[in-house]
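Visitor: What would the 3D arrangement of this be:
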Amino acid sequence: MNCRRASQGYKKGSLEEKSAGDRNRCPIFGLDLITDICNKRMSKNKANLAFLKLIEEAQITPSFDEQQAHGISVKRGSLEYLEATVKAGLLPKETACKLWAKSIGHAYYNPLTSIVTEEARQKLSLEATRQYNALGLYFLADVLTVAMAEPDNLETITKLESCAGCKISPVFSLPCEIFDAIKVHHSNIDRLSQSVDTLEKSENLKIAGLSRDNMSDFIQSESLVSIFDTLLFLAIKEKASHIHLEPHKTMTQVRFRCHGRFVNQLKFPMIIHKALITRFGALCGFHPGEKGFSLERGSFTLGLGTGKASFEVSFLPCLHGAKTVITIRLTKTRHSVGSLQEMLIATGNLRQLEQFASSRQGLLIFAGLPGDGISGLFNAMIKEIASTSRSIHSLEDFIEVEWPGMTQSHYNLDPSNAQGAPALLEAILNQDADVIALRGMNDEATAAKAVDASLQGHFVLATLSANGVRNALLKLNQLGLRSDISAAALLGVVSHRLARRICNECQTAYQPSAETLQKYFNDWENQTVNFYRGEGCANCQNSGYDGHVSLFEILTLDDRVRAIMAEKLDFLGSGSEELDLNWQPFLLDGLLKVLLGLTTVEEVERVCR
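Guide: Below you'll find the model as predicted:
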């Protein structure tokens, strides 16, 4: 069941009614006080005439009718006007914010998508950031760069410098971006643990299991909401793709999937697990039965800055309760999507991806599992193709990026539905599309339509849930596609995984053992080969790693490979040198990045295992 919240039919004053209300207030987070402070600090009655002139020169000024249609009644040229028109999509965000910043003589910075260092964040207390709606971003030459809605307010700057004990360089950020960034960057595991400890000692824990009515009150209590809020914001801060709530006999284990790896966070009592999943269920629009949640799936969406965060919730009945997995998806702007050239792709692989992007017909598969970063690569390829003068139509289960000049459709997850992927693919074939980007080719009907579209002369890009190139080919057979048909349609298969990147602050070189060199390299004798690793420091929390680097596996099909594939799908690893020229495995790309000092050989071994 794919549940979407409605905004009608809820009991007055209930959690569902509140959460179905004003998205801009993020009502479930219980931080309305900060919102009020934020709104008070916006220049409500002051029009920025220089900004109005700039957007007029850029020919992007919204019309009066457009503003009326979106219920925008604030003063033209005010900061509220900028924020409201950007949220409504009447002004392009990046362009409008940069023009506003230019008009007041400052740079624009989005604290939700850009770097915020822990050292800078800690310079301003949570109380100060809330009071002044300002967030420390980073240090440069002992000067603290701070995001502010009013970076020309000298009085506020003086007070912030007093709080931080150092010189401050202000940059402009939208008030809603600062407000939400404060919640994200001030969430940490210590705060989450403290919230759990506080709730364990409270009386609420004793009454929570008495009745459904008591549980309904409990999931709206300040203590439970604090845990819920911090859990979600911490996951966003850590760039987690999934949150796992795994019930055991007496405790629940919380784990995040970050860059493809599981990271244990904390454990808490089962009664809190029951309350949390009940709250998740209520936001998705359904409630547990007498024996708890059945096999169900739903989703809810929250505002985050000018964008949104979508949380897809899946319940699975288990021995000690419902295991709950929350998939996190954040909307992005096209400006925040990295290009292929920025992904540290080896020259040969980059050249091959650029060649794929220029294709006129055929099927190109992007294979990966949740947390492998395949979505980022898929978006980068769309960005590469979108720069060409072609008719592009995307079909997505979740529209992550809105692309100007490209037609985008959302499909129902049920392939038999009239709005399912197979039906919409059939309709797109009548829309004169040159390129079809399909996010999710994981059932027989959708796969058959995608292959059919590619054979009819369309260039089809599709993501496929598979662990590597070899498994992707086997998955095509599992989806009922004949090997000869697949071979005729395919241009290539691209797979992507994430390896942890060595921390730049504590990176050191060392010489690997002879056994390691012999294991991976030919002709290494009489050569000095350096590998790298991180010693551990405050910047990487003593892990030696900070961020991630992409590893690629690419199979390119030509007539020779198609002839072999038509006879046998599982042909990779056969030892043929001719085939090896068309197949670049993960290990090869990983070892190159080991030599470049981007990651460690241990990390490559883990990822390629």
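Visitor: which stretches of the stretch 401-550 of the chain form helices?
Guide: Under the criterion DSSP state H, counting those that start in this stretch, the stretch 401-550 of the chain contains helices at 421-428, 444-455, 469-478, 483-489, 514-520.
Visitor: Looking at those helices, spot the one closest to Thr95.
Guide: When the helices of the stretch 401-550 of the chain are compared by CB to CB, helix 421-428 sits nearest Thr95, at 29.9 Å. (Each C-beta comes from the backbone N, C-alpha and C, glycine too.)
Visitor: quick one: furthest residue from the center of the chain?
Guide: The C-alpha centroid of the chain is most remote from Asn526, which lies 45.6 Å away (CA atoms, centre = their mean).
Visitor: what are the phi and psi values for that one?
Guide: phi 60, psi 20 (degrees, to the nearest 10).
Visitor: And the average pLDDT for the helix or strand harbouring Leu302 is what?
Guide: Per DSSP states H and E: Leu302 is located in strand 296-304. Averaged over strand 296-304, pLDDT sits at 87.
Visitor: tell me what that strand is packed against?
Guide: When contacts are defined as 3 or more CB pairs under 8 Å, 6 or more residues apart in numbering; DSSP states H and E, strand 296-304 packs onto strand 2-3, helix 175-185, helix 270-284, strand 307-318.
Visitor: again, 6 Å this time
Guide: Here strand 296-304 is seen to pack against helix 270-284, strand 307-318 when contacts are counted using 3 or more CB pairs under 6 Å, 6 or more residues apart in numbering; DSSP states H and E.
Visitor: Out of the helices of the stretch 401-550 of the chain, which is closest to Arg329?
Guide: helix 421-428 (17.4 Å).
Visitor: how about that closest one: buried residues?
Guide: Ala421, Pro422, Ala423, Leu424, Leu425, Ile428 (16 or more other CB atoms under 10 Å).
Visitor: Skipping its backbone neighbours, what lies nearest the last one in space?
Guide: Excluding its sequence neighbours, the residue lying closest to Ile428 (CB to CB, 6 or more residues apart in numbering) is His393, at 5.1 Å.
Visitor: in the sheet, who's paired with that neighbour?
Guide: Thr407, Ile436 (DSSP bridges).
Visitor: is it true that it touches Gly405?
Guide: No: counting by CB atoms under 6 Å, His393 does not reach Gly405; the two are 11.4 Å apart.
Visitor: and the closest residue to Ile277 other than its chain neighbours, how many neighbours does it have?
Guide: Nearest residue to Ile277, sequence neighbours excluded (CB to CB, 6+ apart): Thr324, at 4.8 Å. For Thr324, the neighbour count with other CB atoms under 10 Å is 22.
Visitor: So what are the sheet partners of the strand or helix carrying Thr324 and their directions?
Guide: Secondary structure from DSSP H and E places Thr324 in strand 321-330. Strand 321-330 pairs in its sheet with strand 240-247 (antiparallel), strand 307-318 (antiparallel), by DSSP bridges.
Visitor: quick one: low-confidence ranges for the stretch 151-300 of the chain?
Guide: For the stretch 151-300 of the chain, the stretches flagged by pLDDT under 70 are 203-213, 288-293.
Visitor: ranges for the helices of it?
Guide: 154-164, 175-185, 189-200, 204-207, 212-218, 222-237, 270-284.
Visitor: Of all the ones you listed, which one is nearest Glu80?
Guide: helix 175-185 (8.6 Å).
Visitor: got the contact list for the closest one?
Guide: Residues from elsewhere that reach helix 175-185, judged by CB atoms under 6 Å, 6 or more residues apart in numbering: 38, 42, 83, 110-112, 116, 121, 129, 133, 135, 147, 149, 233, 236-237, 304-305.
Visitor: So which of these belong to helices?
Guide: Cys38, Glu83, Arg121, Thr129, Phe233, Ile236, Lys237 (DSSP state H).
Visitor: Export those residues as TSV, with columns for neighbour count.
Guide: Compiled in TSV, these are given as follows (neighbours: other CB atoms under 10 Å):
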residue	neighbour count
Cys38	19
Glu83	24
Arg121	20
Thr129	25
Phe233	24
Ile236	18
Lys237	17
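Visitor: between the helices of the stretch 401-550 of the chain, which gets nearest to Lys568?
Guide: Among those, the nearest to Lys568 by CB to CB is helix 483-489 (7.0 Å).
Visitor: CA atoms of the closest one as PDB?
Guide: Only the C-alpha atoms of helix 483-489 are listed here, as PDB (Å, rounded to 0.1, in the frame of the first residue of the first chain):
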ATOM      1  CA  SER A 483      19.300 -12.500 -24.000                       C
ATOM      2  CA  ASP A 484      19.300 -11.700 -27.700                       C
ATOM      3  CA  ILE A 485      16.700  -8.900 -27.300                       C
ATOM      4  CA  SER A 486      18.700  -7.400 -24.400                       C
ATOM      5  CA  ALA A 487      21.900  -7.600 -26.400                       C
ATOM      6  CA  ALA A 488      20.300  -5.800 -29.300                       C
ATOM      7  CA  ALA A 489      18.900  -3.000 -27.100                       C
END
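Visitor: So that it lines up with my notes, have the first residue be 55 from now on.
Guide: Right, with 55 as the first residue, what we last looked at is helix 537-543.
Visitor: Which secondary structure elements does that helix sit against?
Guide: So helix 537-543, by 3+ CB pairs under 6 Å, 6+ apart, packs with helix 498-509, helix 613-621.
Visitor: isn't Leu417 right next to Val514, touching?
Guide: Yes: counting by CB under 6 Å, Leu417 does reach Val514; the two are 4.9 Å apart.
Visitor: shared neighbours of the two, which are they?
Guide: Common contacts of Leu417 and Val514 (CB under 6 Å, 6+ apart): Ser508.
Visitor: So, low pLDDT: which residues of this protein?
Guide: Flagging of the chain using pLDDT under 70 yields the residue ranges 55-99, 257-267, 342-347, 387-390, 623-635.
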